[in-house]
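K.L.:
the following comprises the amino acid sequence and a computationally predicted model.
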Amino acid sequence: MNTHGLIVDFGKHNGELWTRIPADYLRWLVNQPDEIPQFNKHKEIAKAELDRRGTVVSHEVDISPHAIDKASLRVRKIWHETALNPDEGLYSWLSRMATEALKTNPKAEKIIYKEIKFVFKQGNIYPTLKTVYRKN
């Protein structure tokens, strides 16, 4: 599919060329569940545009900004205690921990792992970490 000249006809980027849409938005769109039929036509175009750019869609886990914010407040101590080294930042640590948690139950929406409750939203390709809590 050739995406040149195609214009987005919905949502946040309505009226913009598909070739100008940020890759993170295209990845988000491609990851939307198949059960949302209004996205299916757009997902095909987004995937074609990502392919045109040579962008690889990860099959690991996406970390939402909300999850990063809540992790900095709720699990900071655990982060510092379990970081691989002093330079492992919060995003890298959270990505690693969420990936490890998912290995215990890949399709779960809630997983308790290492004293942390991870809340995921399963996507079409990969899950998104929505938030985290201390296990209490």
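P.N.:
Great, that's in hand. Numbering: from 1, shown residues only.

K.L.:
the residue lying closest to E88 once chain neighbours are set aside: what secondary structure?
P.N.:
Among residues not flanking E88 along the chain, R96 sits closest, at 7.8 Å (Cβ to Cβ, 6 or more residues apart in numbering). Backbone N, C-alpha and C define where each C-beta goes, glycine included. Following DSSP: H, G, I helix; E, B strand; the rest coil, we place R96 in the helix state.

K.L.:
R96: neighbouring residues, count only.
P.N.:
Counted by other Cβ atoms under 10 Å, the residues lying close to R96 total 16.

K.L.:
try E35
P.N.:
Look at E35: counted by other Cβ under 10 Å, it has 8 neighbours.

K.L.:
can you pull out the strands in this protein?
P.N.:
Taking DSSP state E, the strands of the chain run over residues 62-63, 110-113, 116-121, 128-134.

K.L.:
would you single out the least confident of those?
P.N.:
Mean pLDDT is lowest for strand 62-63 out of the strands of the chain, coming in at a mean of 90.

K.L.:
ok, for the most centrally placed residue in the chain, nearest residue in space, not its chain neighbours?
P.N.:
For the chain, D62 is the residue whose C-alpha lies nearest the centre (Cα atoms, centre = their mean; 2.3 Å). Closest residue to D62 apart from its sequence neighbours, by Cβ to Cβ, 6+ apart: T128 at 4.3 Å.

K.L.:
output stretch 62-69 as CSV, nothing but the C-alphas.
P.N.:
The C-alpha trace of stretch 62-69 is given here as CSV (Å, rounded to 0.1, in the frame of the first residue of the first chain):
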residue,chain,number,x,y,z
ASP,A,62,4.8,-0.4,26.0
ILE,A,63,5.0,1.7,29.2
SER,A,64,2.4,4.5,29.5
PRO,A,65,3.4,7.9,30.9
HIS,A,66,0.9,7.3,33.7
ALA,A,67,2.7,4.1,34.7
ILE,A,68,6.0,5.9,34.8
ASP,A,69,4.5,8.7,36.9
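
K.L.:
I'm done for today, thanks for sticking with me.
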